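Engineer: Next comes the sequence, and after it the predicted model I'd like to discuss.
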Amino acid sequence: MLLSNIAQHLKLQFIGKDLEVDSMNELALSLPTQLTFAINKKYSQELEISKSKAFLIMDALIENLPKDSSYIVCPDVSISMAQVTKLFNKRPVEPQLPPPSIGDNSIIDTMARVENGTWIGSNVIIMAGAYIGTNCVVGDDTIIYPNVTIYRDSVIGKECIIHSGTVIGADGFGFSHTKDGEHIKIYQNGNVIIEDFVEIGANCAIDRAVFNSTIIRRGTKLDNFIHIAHNCDIGEHCIFVAQTGVGGSTKLGRNCVVSGQSAFSDHLTIAPFSTFSARSGVTKSIEKSGGVYSGFPLMNHREWKRLQVRIAKLND
Amino acid sequence: MLLSNIAQHLKLQFIGKDLEVDSMNELALSLPTQLTFAINKKYSQELEISKSKAFLIMDALIENLPKDSSYIVCPDVSISMAQVTKLFNKRPVEPQLPPPSIGDNSIIDTMARVENGTWIGSNVIIMAGAYIGTNCVVGDDTIIYPNVTIYRDSVIGKECIIHSGTVIGADGFGFSHTKDGEHIKIYQNGNVIIEDFVEIGANCAIDRAVFNSTIIRRGTKLDNFIHIAHNCDIGEHCIFVAQTGVGGSTKLGRNCVVSGQSAFSDHLTIAPFSTFSARSGVTKSIEKSGGVYSGFPLMNHREWKRLQVRIAKLND
Amino acid sequence: MLLSNIAQHLKLQFIGKDLEVDSMNELALSLPTQLTFAINKKYSQELEISKSKAFLIMDALIENLPKDSSYIVCPDVSISMAQVTKLFNKRPVEPQLPPPSIGDNSIIDTMARVENGTWIGSNVIIMAGAYIGTNCVVGDDTIIYPNVTIYRDSVIGKECIIHSGTVIGADGFGFSHTKDGEHIKIYQNGNVIIEDFVEIGANCAIDRAVFNSTIIRRGTKLDNFIHIAHNCDIGEHCIFVAQTGVGGSTKLGRNCVVSGQSAFSDHLTIAPFSTFSARSGVTKSIEKSGGVYSGFPLMNHREWKRLQVRIAKLND
C-alpha cells in the first residue's frame, strides 16, 4: 500500500518520498517495509533508531525521525493508527486461494470446515463442527475436537490436542479512544502460533496478535477457560490451571505453573520456573526464577500464608 | 392465553372476569395485556398502582389488588409463577415461519444456519458453524464468526463483531425453590438486544431476559469470557476486560471501564464513567459518576492501594 | 490387554502370571480385571487389601503386594502409569458401531452430528451444530442447544437442558511430570454422567474422569462458565452461579449453593446444604452441613463480614 493512499484515507498530508509499505508494526520491531508510529514523546529515542522508513507521527516528534523518513503528521496518532490497521486487515475468508492440502491418513469430518490456503499434516483428526480458517497450518498427529474455531493465519504444531469450544486467533482486545469516549477498533493483523505437543482444554481463547504473533511454546498445557490475550509469549512446558487469564504482551518463561483463577496484567515478563498458587494476581514483572507466589497484590507464598494468619487475628 | 386455562394448569381457582393475557411481566413493568404476580408483601404498594388486570397473588395481598382485577390465589406465588412461565415459553425453532430474509451482498456460509423468521441486513458475513435462531435480526455490516450461537428473538445491531464461541440469548439463570429443595425453572421468555457498533470477544455469554430484554448499548466492547446475566442493561461505550461477570438486572451507565475478573452483584445501578480495576467485586449501587474503584469489598481505588500497604505491614 | 504386552510397551519386565486386564483404575477402586498402580509409599496399606491382580509398582512396595499378584516394577510409576493410559484410550470416533438409535418424536437437526453407537431417547431436541459422540446416552425430553459438544461415552439424563457452547466430557487435566520438566498426558479414559433434571448454562465445561465417572446429580443447576474438573461428584439439587470452578475429585453434598466466581480445590468433600457466597475459595473439606461461608481463605460468612470491617479500619 502506498503511503500516499494511507494519507488520503486519513485525510492527512504525508511528507517525504512516497513509499510502498506491506504491513504495520510497533516501533521497536518494525522493518524497513513496514509502516510504524510513535504515539507520544516517550518514544522519541526509539524513533531515532527505527529501521522503518514510514511513520505516523505527532508534530512534536518530527525532529526525532530518522533521516529521509516519509511520514504523516497526525493530530491524534493513536486514532490514526487504529484507522490504518483497518486498511491492512485481511478478509475473514479467501475462497480464491487453492484448496487446502491434506496430509496422509488425516481425517477431516464432512461437517468440519477447512478453508482454502490451509495446510494440514498427516494423521490429523479434525472433528465435526471444527473450523480451520484461511492460510492456517496444522501439524502432524494433531487432534482438533468438535466445535473448535481456529481463525485464519494460525499455526498449530505437531501432536497438539485442542479441545472443544476453544477459540484460537480471535481478535485481541485493542481500541483507541476518542475524546467523545468512543472506541476505535485497532484491527488485529497478527496471528497465533501454537508449538508442538501443546494441549489446550475446553473453551479457551487465545487471541491473535495486533502485529506479529501470540505464541504458546512447545509442551505447554492449558486447562479449561484459559484466556491468553494478544501478543503473549507463553514459554515451554508451562501449566495453566482453569479460569486463568494473561493480559496482552505478557511473557512467561519456561515451566511456570499457574494455579486456577489467577491473572496476569499486561506487558509483564515472568521468570522461568515461577509458581503461582490459586487466584494469584500478578501485576509486576518477576526477574528471579524459581519463586512461589500467592495473593493479590502478589507476594511470596510463605509471606502470604503468614499474612492470612495475621489478618484472621484482626477478628480476635 | 385465557386466565382460566392458566388456573386449570396450576390446579388453582381464578377469581374475577376471564381474561386473555399475551405474556407475563414483573409488577412494575406489566401492561394491561400481561399477567403479573406479587410474590410477597413488600409489593403491596406497587400492586395498587399496577396497570395489569390479571394477577398471581398470595391471599394476604388480595385487598391490595386494583379494582376489577382478575386473579389466581396461589399458596406459593413464586412456584406458580415459574410454572406459568413454561406456558408462555416458545418452541426453540419454528420451521413454519417464512424463510429468512437476507440483505444484499450478505454471505451466509453453507455450513451456517439461519432459522426461519429471521431478518439479515446487507453486507453481513455469517461464517461456518454459526447459528442464528428464529425471529432474530442482524443489522448491516455485522460479522458473525464461526461457531457463534444466537438464540431465537435476539436483535443484533449494525457494524457489530461477534467472535467465535460466544452465546447470545441462552436462558438466564432463574429458579423458584420448593420446600424440598428442588429448583423449578423460570422460563426465560425475554430476549437480548445488542445495539450498533458493539464488539463481543470469544466465548462470551449474554443471557436472554426473563421478561423484556437484556441490552448491550451502542459502541460497547467486550473482551473474552464476559458473562452478562439476564435483564442487564449495559450502557453505551463501556469496556469490559476478560473474565468479568455481571449479575442479573444490573444496569451500568455509559463509558464504564471494567478491568479483568471483576464481578457485579445483581440488581445494581452503576453511575456512568465509573472505572473498576482488576478483580473489583461490586456489591452496591454507585450513584456518583466518574469514580475509580478497586477491591472486594469495593472501595475507592486510592483507599484500596493505601489499605494494601497497611495490610502488608501486618507481617512486620 | 495382556500384562506382558503392557510391559513390552513400557520396555520393563513383568513378574508373575501373564494376565488379561480390561482397563485401569486407582488403587482403592480397582477390580480384579483392572490394572492398578501404587505411586508412592503412602499407598502401602491400600495396596495390601487391593482386589486387583495386576500392578504397576515401585521396587520398595513389592513386599506389600497381595499374594499371587502380577506386576511390573517401574523406575517411575507415575510416568509408566501415564504411558499405559494411552494404551487404553479409545479412538475419538468409532464409525464401525451401529448407527445411533433415535427415540420417538426426537428431532435431530440435519446440521447436528450424532455418532454411531449412541442412544437418544424420545422427545429429545438436538439443534444445529451440536455434537454427540460415540456411545453416548441422551435421556427423554432433553434439549441440547446449538454448538454443544458431548464427547464419547457421556450419559445425559432425562429432562436435561444443555445450553450452547457447553462441552461435556473433554479430557480432565492430568499429567505426570518428568525430571526434565515435561508433562506426560494421563489419558482420561473415564466418562461423564449427568443425571435427570439437570440444567447446564452456556459455555460450561464438565471434564471426563480419568477412570470411572464425573457425576452431576439429579436436579442440579449450573449457570454459565462453570468448570467441573475430572472425577467430581456434584450432589443433587445444587446451584452454581457463573464463573465458578471445582477442582478434580471434589465431592459436594446435595443442595449446596455456590455463588459466582467461587472455586474449590481438588480432593475435597463438602457437606450437604453448604452455602458459599461470591468468590469463596474453598481449600479444605467441610464436615458439618448447613454452614454459610465466604472469603479466601474461607471462613464463616459472619466472621468474614466482621473481618472486612476490621480490615477497612486499618486505613483510619
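Structural biologist: The structure has been received and is ready for your questions.
Engineer: And A:K41, how far from A:V84?
Structural biologist: In this structure, A:K41 and A:V84 are separated by 21 Å, where distance is defined by C-beta to C-beta, to the nearest Å. All C-beta spots, glycine's among them, are computed from the backbone N, C-alpha and C.
Engineer: Mind exporting the C-alpha coordinates of stretch A:162-170 to PDB?
Structural biologist: The C-alpha coordinates for stretch A:162-170 follow below in PDB (Å, rounded to 0.1, in the frame of the first residue of the first chain):
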ATOM      1  CA  ILE A 162      -7.300 -28.800  21.100                       C
ATOM      2  CA  HIS A 163     -10.500 -29.400  23.000                       C
ATOM      3  CA  SER A 164     -14.000 -28.400  22.000                       C
ATOM      4  CA  GLY A 165     -15.200 -24.800  22.300                       C
ATOM      5  CA  THR A 166     -11.700 -23.400  22.200                       C
ATOM      6  CA  VAL A 167     -11.100 -20.300  20.000                       C
ATOM      7  CA  ILE A 168      -7.700 -19.700  18.600                       C
ATOM      8  CA  GLY A 169      -6.900 -16.400  16.800                       C
ATOM      9  CA  ALA A 170      -9.900 -14.200  17.600                       C
END
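Engineer: Figure out how far it is from the centre of its chain.
Structural biologist: In this view, stretch A:162-170 has its centroid 14 Å away from the chain centroid, taken as C-alpha atoms, centre = their mean, to the nearest Å.
Engineer: One more: stretch A:28-44?
Structural biologist: The mean C-alpha position of stretch A:28-44 is separated from the chain mean by 18 Å, C-alpha atoms, centre = their mean.
Engineer: State the mean pLDDT of it.
Structural biologist: What stretch A:28-44 shows for mean pLDDT is 94.
Engineer: and what of stretch A:79-99?
Structural biologist: In this model, stretch A:79-99 has an average pLDDT of 97.
Engineer: Okay, buried residues for it please.
Structural biologist: By neighbour count on 16 or more other C-beta atoms under 10 Å in any protein chain shown, the buried set for stretch A:79-99 is A:I79, A:S80, A:M81, A:A82, A:Q83, A:V84, A:T85, A:F88, A:P92, A:V93.
Engineer: Phi first, then psi, for A:T269.
Structural biologist: Main-chain dihedrals, A:T269, degrees, to the nearest 10: phi -120, psi 120.
Engineer: who are the neighbours in contact with it?
Structural biologist: A:T250, A:K251, A:S285, A:I286, A:E287 (C-beta atoms under 8 Å, 6 or more residues apart in numbering or on different chains).
Engineer: just A:C238 next, same as before
Structural biologist: Contacts were defined as C-beta under 8 Å, 6+ apart; by that measure A:C238 touches A:R217, A:T220, A:K221, A:L252, A:R254, A:N255, A:C256, A:V257, A:V258.
Engineer: and if we set it to 7 Å?
Structural biologist: When contacts are counted by C-beta atoms under 7 Å, 6 or more residues apart in numbering or on different chains, A:C238 touches A:T220, A:L252, A:R254, A:N255, A:C256.
Engineer: Which single one of these is nearest to C:I6?
Structural biologist: When those are compared for distance to C:I6 (C-beta to C-beta), A:T220 comes out closest, at 28.9 Å.
Engineer: Count residues in the vicinity of the closest one, would you?
Structural biologist: The local packing count at A:T220 equals 25, with neighbours defined by other C-beta atoms under 10 Å in any protein chain shown.
Engineer: same question, the one 3 residues further on
Structural biologist: Per other C-beta under 10 Å, the neighbour tally for A:D223 reads 28.
Engineer: Check the gap between A:G165 and A:Y131 for me.
Structural biologist: Taking C-beta to C-beta as the measure, A:G165 and A:Y131 are separated by 12 Å.
Engineer: Ignore what I typed, I meant A:I193.
Structural biologist: Spatial separation of A:I193 from A:Y131 under the definition C-beta to C-beta is 18 Å.
Engineer: Perfect, that will be all.
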